[in-house]
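K.L.:
Got a predicted model here, sequence first, then my questions.
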Amino acid sequence: MPDADPARATAREAIALLTGATGFTEHRPPPRPLPPDGPLGWSGYDAARERASARTGEEESVVYGTGVVGGRPCALLSFEFGFLGGSLGRNTGDRLAAAYELALTRRLPLVALVATGGSRMQEGMVALTQLQRVAAASTRLRAAGLPQIAVVRDPTTGGGWATVGAGADVVLALPGAQVGFAGSRVRPPDADPYAYSAEGQFAAGQVDAVVPADELAATVTQWLRALGPHEDLPAAPVPRALPTAGAEPTAGAGTGSAAGVGTEAGAGTGPTAGVGTEAGAGTGSAAGTGPAVGGGAVAPLPGTGREAVARARDPRRPRAEAYLADYFAVRLPLHGDRSGALDPGLLCGLGLRTDGQPVAYVAQCGTPTRPAGYRAAARTIRLADRLGVPVLTLVDTPGAANDAEAERAGAGAAIADTFAAIAAARVPVTTLVIGEGGSGGALALAAPENTHVTVDSYFSVIAPELAAAILKRPPSETGATADQLRLRPQDLVELGFARSIVG
C-alpha cells in the first residue's frame, strides 16, 4: 500500500491493509447490463465508464467478497474512488446489496472500506434510490444481530457517508480524510473545512476513533473480537473493590487488592487510536463481603448517612477510569451520541477481559451526566443487546445535569430513553455503584435486581442537602436527614435495592 496517502488507497489496497495480500476472495453479482449511456441516456456515460475501467482495472466502483482479518472471517466491501469518484449507480447498488446479503447468509460481520463522492449524477434517480437499497440491506443485517464496521477513507461524502458509513455500528476514520454529507463542491463557500474532516467528525461525536493506517488492522481485529457474532455469553462479572488512595487501613484480613491503572485510548486525550490496553488488568469478581480498602485491609461500613455521603464525595476515591482499567485488558471506546454532542463525564464502549470475554460498558465519571451522555449510553446498551454482549454499568453521578442548556438539549427525553434501553435489554446488565447515586440521573443506568454497591458509595432519592432545604430544615440537620434517607450501602442491601456490598 502506498505510504504517501493511505486514505487515498485503491479499493484492493484498502482491503489488503486489513487482510494481507492473499486474504480476500472476491465475489461478483450476476451481470446486469445497462442500456446505452445508462438509464438516462447521458451522452458520453459509456465512454466515461470505459475510461474509468481502463484506469482502475475495475468493472465498478465497489469490490466485495470474503476475507479474514486477524483470524476473524468477515464480509468485506471496498469502494474504488478512481472509478467515477466511487459514486453509486445501479450496478454499484447491486454489489452493495450482494455484499450485505453475503454477510447475512454466512452470518459474518461486515466491514466496509468507504471512499465515495455519493450518488452517480449520470444515472439520476436510478442512482439515488440505491441508497434505499443499502439502507434496507443494512437493516436486515442489523435485525439478524450481525455487526457492521465502517472505515471511512478520503473522501467519504454524500449518500455513501449517510448509509454505508454513518449507518454502521462502529465508525473508524483514517486521519485527514474528508468526511461529511456535503462534498467539497456543494457546501457553502465559507463553511469551516474542519467540520468536514475525520478529526472534526470525531470532535462532534460522529466517528468513534481516528485510526492511523498502520494501526487499522489491529483495531478492526479487536472490534471484530468484541462485536462477534456471539452466542450465549454469561453476565458481566461484578468488578472487584479498589482501594481509596491514602486511606488508612483498618485492622482485619482483606480478600482483594487493586491492579494497575491504565488510560483509555481515545477518552478525552485526542482523536487517534482505536484500541486501549491497560497494564495489570484485573480478573477478580466481587465476593459481596469484606470490602477491601488499601493494603488488603477490610474497610468499615459507614456509620451514618453523612459519613456515607462524605466518603462517596472523597476526591481520593477510585473513579470509573480506575475500575475500567482494572476490569478490562482492552477497551474500545464508542464516541459520541450520534446527534452532534459529547459528554466527557460518561465513558462508553466495548471491552475484552483477560479471558477474552467481551463486555459493553457505560461508566459515569462523577460529574452531572448530560443529555449527550444518556444518548450515548442508550446507543451502547442497544448495540450490545442486539449483538448479545453483556453490559456493565458503573454509577457515579450527583445527578443529571440540570442547567438550561441541558434542558434545551432534551435532558428528560434522553434520561427516559436510557431507562427504556435498560428495561428492554435481553442481555444481562450488571451495575456497580462506585460513588454517588444521585436520584433518577443515576438510577437510569442501574440494573433492576442486579445492582451492587461499594463501601464508599451511596444512593438516594435526593441529595440530603436538597432534602433538608425542601423540608425547610437548617443546615445543621443535613446529617439527620441523610440518616432518614437510608442511603448507606448496608441500607441499600437491607431495602432490597442492592444485591451485595462489593469487596
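P.N.:
Structure received. None of these values were measured; they are calculated from a predicted model. Numbering: from 1, shown residues only.
K.L.:
Check whether residue 154 sits in a helix, strand or coil.
P.N.:
Using DSSP: H, G, I helix; E, B strand; the rest coil as the criterion, the local structure at residue 154 reads strand.
K.L.:
residues near it, how many?
P.N.:
As a burial measure, residue 154 scores 21 neighbours (other CB atoms under 10 Å). In this view, the C-beta of every residue, glycine as well, is placed from N, C-alpha and C.
K.L.:
isn't it right up against residue 173?
P.N.:
No: contact criterion CB atoms under 8 Å: residue 154 and residue 173 do not qualify, at 9.1 Å.
K.L.:
Residue 363 looks like it's in a helix, true?
P.N.:
No: read with three-state DSSP, residue 363 is strand and lies in no helix.
K.L.:
now residue 398: how far from residue 478?
P.N.:
Distance of residue 398 to residue 478, given as CB to CB, to the nearest Å: 15 Å.
K.L.:
Check residue 319 too.
P.N.:
Distance from residue 319 to residue 478, by CB to CB: 25 Å.
K.L.:
go on, residue 310?
P.N.:
11 Å.
K.L.:
More neighbours: those two, which one.
P.N.:
residue 478 (20 against 15).
K.L.:
I'd like the secondary structure assignment at that one, please.
P.N.:
Per three-state DSSP, residue 478 ends up helix.
K.L.:
quick one, what contacts the closest residue to it other than its chain neighbours?
P.N.:
Distances taken as CB to CB, 6 or more residues apart in numbering place residue 468 nearest to residue 478, at 4.8 Å, with adjacent residues excluded. For residue 468, the contact set (CB atoms under 8 Å, 6 or more residues apart in numbering) comprises 474-475, 477-478, 481.
K.L.:
who wins for neighbours among the residues you listed?
P.N.:
For the contacts of residue 468, neighbours tallied by other CB under 10 Å; top is residue 481, 23 neighbours.
K.L.:
per-residue pLDDT, that one?
P.N.:
We have a pLDDT of 94 for residue 481.
K.L.:
again with residue 153
P.N.:
Residue 153 is assigned 97 on the pLDDT scale.
K.L.:
same check, this time on residue 189
P.N.:
86.
K.L.:
my guess is residue 8 meets residue 82, correct?
P.N.:
No: assessed by CB under 8 Å, residue 8 is found out of contact with residue 82, at 9.1 Å.
K.L.:
which SS state does residue 434 fall under?
P.N.:
Residue 434 is classified as strand under three-state DSSP.
K.L.:
Now for it: which residues touch it?
P.N.:
When contacts are counted by CB under 8 Å, 6+ apart, residue 434 is found next to 317-320, 323, 394-396, 454, 456-457.
K.L.:
same thing but 6 Å
P.N.:
Contacts of residue 434 were listed using CB atoms under 6 Å, 6 or more residues apart in numbering, and they are 323, 394, 396, 454.
K.L.:
Low-confidence bits of the stretch 1-150 of the chain, can you list those?
P.N.:
Along the stretch 1-150 of the chain, segments meeting pLDDT under 70 span 1-7, 22.
K.L.:
need the strands for it, in chain order.
P.N.:
24-27, 62-69, 72-79, 110-116, 148-157 (DSSP state E, counting those that start in this stretch).
K.L.:
Turn these into a markdown table, columns for distance to residue 184.
P.N.:
A markdown table is the format used below for these (distance: least, CB to CB, whole Å):
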| stretch | distance to residue 184 |
| --- | --- |
| strand 24-27 | 31 |
| strand 62-69 | 22 |
| strand 72-79 | 17 |
| strand 110-116 | 13 |
| strand 148-157 | 7 |
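K.L.:
Go through the ones you listed and name the closest to residue 219.
P.N.:
strand 148-157 (9.2 Å; CB to CB).
K.L.:
State the three-state secondary structure for residue 394.
P.N.:
Under three-state DSSP, the three-state class of residue 394 is strand.
K.L.:
repeat for residue 372
P.N.:
helix.
K.L.:
Name the nearest residue to it, sequence neighbours excluded.
P.N.:
Nearest to residue 372 is residue 341, by CB to CB, 6+ apart, at 3.6 Å.
K.L.:
Kindly report the same for residue 40.
P.N.:
Per CB to CB, 6+ apart, closest to residue 40 is residue 124, 4.9 Å.
K.L.:
So the one you found versus residue 29, what's the distance?
P.N.:
21 Å.
K.L.:
same check, this time on residue 114
P.N.:
From residue 114 to residue 29 the distance is 19 Å (CB to CB).
K.L.:
okay, these two: which has more neighbours?
P.N.:
residue 114 (29 against 17).
K.L.:
who's in contact with the more buried one?
P.N.:
Counting by CB under 6 Å, 6+ apart, residue 114 has contacts 79, 150, 152, 156, 160, 164-165.
K.L.:
Just the pLDDT at residue 439, thanks.
P.N.:
For residue 439, the model assigns a pLDDT of 94.
K.L.:
Distance check, it against residue 463.
P.N.:
The value you get for residue 439 to residue 463, if CB to CB is used, is 8 Å.
K.L.:
can you pull out the helices in the stretch 301-450 of the chain?
P.N.:
305-312, 320-327, 371-387, 404-408, 411-424, 439-443 (DSSP state H, counting those that start in this stretch).
K.L.:
The ones you listed: which one's closest to residue 52?
P.N.:
Nearest of those (CB to CB): helix 371-387, 36.9 Å.
K.L.:
Give me the contacts around that closest one.
P.N.:
So helix 371-387 is contacted by 145, 147, 169, 227-228, 334, 337, 341-343, 346, 348, 360, 362, 391, 406, 409-411, 414-415, 417-418, 421, 425-427 (CB under 6 Å, 6+ apart).
K.L.:
Check those for burial and list the buried ones.
P.N.:
Listed as buried from these are 147, 169, 227-228, 334, 337, 341-343, 346, 348, 360, 362, 391, 406, 409-411, 414-415, 417-418, 421, 425, 427; burial here means 16 or more other CB atoms under 10 Å.
K.L.:
one step back: kindly reformat the helices of the stretch 301-450 of the chain as a markdown table containing distance to residue 219.
P.N.:
Formatted as a markdown table, the helices of the stretch 301-450 of the chain follow (distance: least, CB to CB, whole Å):
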| stretch | distance to residue 219 |
| --- | --- |
| helix 305-312 | 36 |
| helix 320-327 | 18 |
| helix 371-387 | 17 |
| helix 404-408 | 33 |
| helix 411-424 | 26 |
| helix 439-443 | 32 |
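K.L.:
Residue 199 is nearest to which of the ones you listed?
P.N.:
Nearest to residue 199, of all the helices of the stretch 301-450 of the chain, is helix 371-387, at 18.6 Å by CB to CB.
K.L.:
What residues of the closest one count as buried?
P.N.:
Result for helix 371-387 [16+ other CB under 10 Å]: buried residues 371-387.
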